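Q: the following comprises the amino acid sequence and a computationally predicted model.
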Amino acid sequence: MVIRLKNVVKIYKVGEAEIRALNSVSLEIKKGEYVSIVGPSGSGKTTLFNVIGGLEPVDEGEIWVDDKPVHKLKEEELARLRREKLGFIFQDFYLLPTATALENVMMPQIGFKPTKEIRERAKMLLEKVGLKDRLHHLPSRLSGGERQRVAIARAFVTEPEVILADEPTGNLDSENSIMVIELLEAFHREKGTTILFITHNLDLANRAKRQINIRDGKIVRDEVR
């Protein structure tokens, strides 16, 4: 198993109240799986991704990614895990506005590998996602679909074992949504990358071989198609 959660609890305090965003969640994801995560707003989907990626601590339970105990790791160790094992794709792209498409894709590896090597891999990925002619464009000169394709290339530049994609099509029209999902599917087929993606679009969710439904911080359905 590349991801394992055991009885994970995440609590947020709102004034005097406590909200259990995750309520004793247990989950196993095999290496190479392609999984969609669905559920209503506020059900705990993004929180699930945040604790898997070590972006937020858990209040109870255990999380293992590639046999690393995320729930026990210090921040330096978490940063290394994210850099070496995980790729993140977000709804809002999070591209640096003053950096070109090429520079944005290179960013996660700067300082860790030779610059020439990083640049060549970044160019290759941007070509793969159909942006060969946009290498030196700033994000402001790219469409929404193009920005998300840059974000996908950036997520894969580290050759991660796991991609966590949180509503990667949320800000895109239907044509670009299909393009983004097809890119993720292509990387999954070619590289065997484990991919988990959150979506409200059931048509896109149904393309995955496994679908997990979360409601009120609990997994209410886990279906393999």
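A: Looks like it arrived, so ask away. Numbers count the residues shown, from 1 in each chain.
Q: need the contact partners of stretch 105-119.
A: Here stretch 105-119 makes contact (CB atoms under 8 Å, 6 or more residues apart in numbering) with 83, 96, 99, 102, 121-122, 125-126, 150, 153-154, 157-158. The way it works is simple: take the backbone N, C-alpha and C, and place the C-beta from them, glycine included.
Q: distance of Arg4 from Asp66?
A: As judged by CB to CB, to the nearest Å, Arg4 and Asp66 stand 10 Å apart.
Q: scratch that, Leu184
A: Here the criterion is CB to CB. By it, Leu184 lies 20 Å from Asp66.
Q: of these two, who's got more company?
A: Applying other CB atoms under 10 Å to Leu184 and Asp66 shows that Leu184 carries more neighbours, namely 24 against 17.
Q: in the sheet, who's paired with the residue lying closest to Phe197 once chain neighbours are set aside?
A: Excluding the flanking residues, the one nearest Phe197 by CB to CB, 6 or more residues apart in numbering is Ala165, at 3.9 Å. Beta-bridge partners of Ala165, counted by DSSP bridges, are Ile89, Phe197.
Q: does Ala165 touch Thr193 like I think?
A: No - using CB atoms under 8 Å, Ala165 is not in contact with Thr193, being 10.9 Å away.
Q: pick out whichever of these two has more residues nearby.
A: Ala165 (26 against 21).
Q: phi, psi for Ile118 please.
A: Main-chain dihedrals, Ile118, degrees, to the nearest 10: phi -60, psi -40.
Q: ok, it to Asn23 distance?
A: Look at Ile118 and Asn23: by CB to CB, they are 41 Å apart.
Q: show me which of these two is the more surrounded one.
A: The neighbour comparison of Ile118 against Asn23 (other CB under 10 Å) goes to Ile118, with 21 against 17.
Q: what pLDDT does that one get?
A: Note for Ile118: predicted pLDDT of 96.
Q: again with Ala79
A: pLDDT, read off for Ala79, is 94.
Q: name the SS class of it, please.
A: The three-state label given to Ala79 by DSSP: H, G, I helix; E, B strand; the rest coil is helix.
Q: tally of neighbours for it?
A: With other CB under 10 Å as criterion, Ala79 counts 12.
Q: could you do Ile19 as well?
A: Neighbour number of Ile19 under other CB under 10 Å is 14.
Q: same check, this time on Phe197
A: Neighbours of Phe197 under the rule other CB under 10 Å: 25.
Q: my read: it touches Ser36, true?
A: Yes - in this structure Phe197 lies within contact range of Ser36 using CB under 8 Å: 5.8 Å.
Q: overlap in contacts, these two.
A: With CB under 8 Å, 6+ apart as the test, Phe197 and Ser36 both reach Ala208.
Q: tell me the most packed of the contacts of stretch 105-119, by neighbour count.
A: Val150 (28 neighbours).
Q: which residues in the protein form strands?
A: 3-14, 17-29, 34-38, 60-65, 68-69, 86-90, 162-166, 194-198, 210-215, 218-224 (DSSP state E).
Q: okay, which residue is most central for this structure?
A: For the chain, Leu164 is the residue whose C-alpha lies nearest the centre (CA atoms, centre = their mean; 1.9 Å).
Q: test my guess that Pro168 contacts Glu185.
A: No - using CB under 8 Å, Pro168 is not in contact with Glu185; the gap is 12.0 Å.
Q: gap between Asp173 and Ile11?
A: In this view, Asp173 and Ile11 are 37 Å apart by CB to CB.
Q: go on, Ala153?
A: Distance of Ala153 to Ile11, computed by CB to CB: 36 Å.
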